[in-house]
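> the following block contains a protein sequence and its predicted model.
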Amino acid sequence: MTLRLAASILTLGLAGCAHSSLQGSDLDQVKRPAFVSRMADEAGPRVTVYRSDSALASKLAGTTPADADHRLEASLKPAMSSFEAAERLRSHVYAAIDTEKPWSQAVPPSQVAGALETFLVQEVPGTAPDYARLKPLGADSVVEFVIEEYGIRAEKGVPQTWVSGSGRMFRLSDGGELWRSGFSGNSTEAGLPPLDPSTLSGNARPFKDQMVAVLDAISVQLARQLSPGATPPGTKELQTPADAKTPVEKEIDKSKAAPPPDATAPTEVPVDSAPKKKAPKPSAPPPDATAPTEVPVDPKKK
């Protein structure tokens, strides 16, 4: 399923959350916003698979549903750090948002991270930072996203990855809010296949892949809410800003930038499209200047 289709499916999840819309007149007052994303303390991963599904619980051997859920939580935690999840949401909202003012004048994310002391920190603190530190950078407002809960749960016997949280935009001068919205989404709404919890303890990558898909779809909807009166962003492929990319994404970019391998088959000879120059004709030896009646003189004989 494409990200665009997943985003359209998640629209219902976002629309059902209470929010205050951002007005174009509010944006006229903003000159230099700063984007911040973080994960709330004890946000997850939360697992309620075996405790909520008796069919799955019946397959357990020698352990209780609660213990099985807790063990799965421990297995999922290293799959995606809070820093990675929060940065994924922030960078993709910013990548999908309208590039006109004031968003085009936003404080660079590296400067925001440096001022809030979250630069290259793998675990972003769950408590709100001191946003007054952004004022020396010229920031006059903050767009903040908070991932409040995430994990795996069973809905009607189907294990699914889910994420929920909230976003807001406020002025640094007086704390007045310009926009607030809740968000939620899950892998079932996005059309992703159910996960097999029995295999995730040994390989949590499928969980991370679904988290990425759900976060990216949510980010498109949040970007649309932050672009009142504009052409809805997020209709093109999302691209993470260079200074917010993970090491894995940077390696992928390097592989894409590498020149393609020589596709010439072993038995084929590359064709030189340049015009070939004709080889010069060999010069003829000088004619024999000896007169017909003369006999060549042998220098050894006198």
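Arrived safely, thanks for sending. Numbers count the residues shown, from 1 in each chain.
> residue 80 reaches residue 210, doesn't it?
No: using C-beta atoms under 8 Å, residue 80 is not in contact with residue 210, being 10.2 Å away. Heads up, the C-betas are built off the backbone N, CA and C, glycines and all.
> for the lengthiest helix in the chain, buried residues please.
If you go by DSSP state H, the chain has its longest helix at helix 205-225. Across helix 205-225, burial judged by 16 or more other C-beta atoms under 10 Å covers 206-225.
> tell me the mean pLDDT over that helix?
Computed over helix 205-225, the mean pLDDT rounds to 94.
> remind me what it packs against, helices and strands.
helix 3-9, helix 11-15, helix 82-96, strand 141-155, strand 158-171, strand 177-186, helix 197-200 (3 or more C-beta pairs under 8 Å, 6 or more residues apart in numbering; DSSP states H and E).
> tell me the contacts of residue 135?
Taking C-beta atoms under 8 Å, 6 or more residues apart in numbering, we find residue 135 in contact with residue 172.
> need the three-state assignment for it.
helix (DSSP: H, G, I helix; E, B strand; the rest coil).
> separation between it and residue 34?
Distance, residue 135 to residue 34, using C-beta to C-beta, to the nearest Å: 10 Å.
> likewise residue 136?
Separation of residue 136 from residue 34 (C-beta to C-beta): 11 Å.
> ok, residue 62 next?
Separation of residue 62 from residue 34 (C-beta to C-beta): 51 Å.
> of these two, who's got more company?
Taking neighbours as other C-beta atoms under 10 Å, residue 62 and residue 34 compare with residue 34 leading, 25 against 5.
> my guess is that one contacts residue 132. True?
No: with contact defined as C-beta under 8 Å, residue 34 does not reach residue 132; the gap is 11.6 Å.
> by mean pLDDT, flag the weakest helix or strand of the protein.
helix 3-9 (a mean of 42; mean pLDDT, DSSP states H and E).
> wouldn't residue 160 be in contact with residue 191 here?
No: Residue 160 is not in contact with residue 191 according to C-beta under 8 Å; the separation is 11.2 Å.
> pull the number of nearby residues for the residue nearest to residue 154 when sequence neighbours are not counted.
Excluding its sequence neighbours, the residue lying closest to residue 154 (C-beta to C-beta, 6 or more residues apart in numbering) is residue 53, at 4.0 Å. Residue 53 has 20 neighbours, counted by other C-beta under 10 Å.
> residue 53 touches residue 157, doesn't it?
Yes: using C-beta under 8 Å, residue 53 is in contact with residue 157, at 5.7 Å.
> rewinding a little: tell me the most buried of the helices and strands packed on helix 205-225?
helix 82-96 (a mean of 24; mean count of other C-beta atoms under 10 Å).
> return the list of helices and strands in contact with that one.
Contact here means 3+ C-beta pairs under 8 Å, 6+ apart; on that basis helix 82-96 packs against strand 33-39, helix 109-115, strand 141-155, helix 205-225.
> can I get those in JSON lines with distance to residue 66?
Formatted as JSON lines, the helices and strands packed on helix 82-96 follow (distance: least, C-beta to C-beta, whole Å):
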{"stretch": "strand 33-39", "distance to residue 66": "24"}
{"stretch": "helix 109-115", "distance to residue 66": "38"}
{"stretch": "strand 141-155", "distance to residue 66": "14"}
{"stretch": "helix 205-225", "distance to residue 66": "20"}
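> for the closest residue to residue 132 other than its chain neighbours, give its distance to residue 69.
Distance criterion C-beta to C-beta, 6+ apart; nearest residue to residue 132, sequence neighbours excluded, is residue 172 at 7.2 Å. According to C-beta to C-beta, residue 172 and residue 69 sit 41 Å apart.
> repeat for residue 129
From residue 129 across to residue 69, the span is 32 Å (C-beta to C-beta).
> okay, those two: which has more neighbours?
Between residue 129 and residue 69, counted using other C-beta under 10 Å, residue 69 has the larger neighbour count: 22 against 18.
> now whichever strand or helix holds the more buried one: average pLDDT?
If you go by DSSP states H and E, residue 69 is part of helix 65-76. Averaged across helix 65-76, pLDDT comes to 94.
> before we move on, what SS does residue 118 have?
coil.
> begin at 32 from now on, thanks
All set: I'll call the first residue 32, so the last point we hit is now residue 149.
> I'd say it and residue 159 touch.
No: the criterion here is C-beta under 8 Å, and residue 149 misses it with residue 159 at 11.9 Å.
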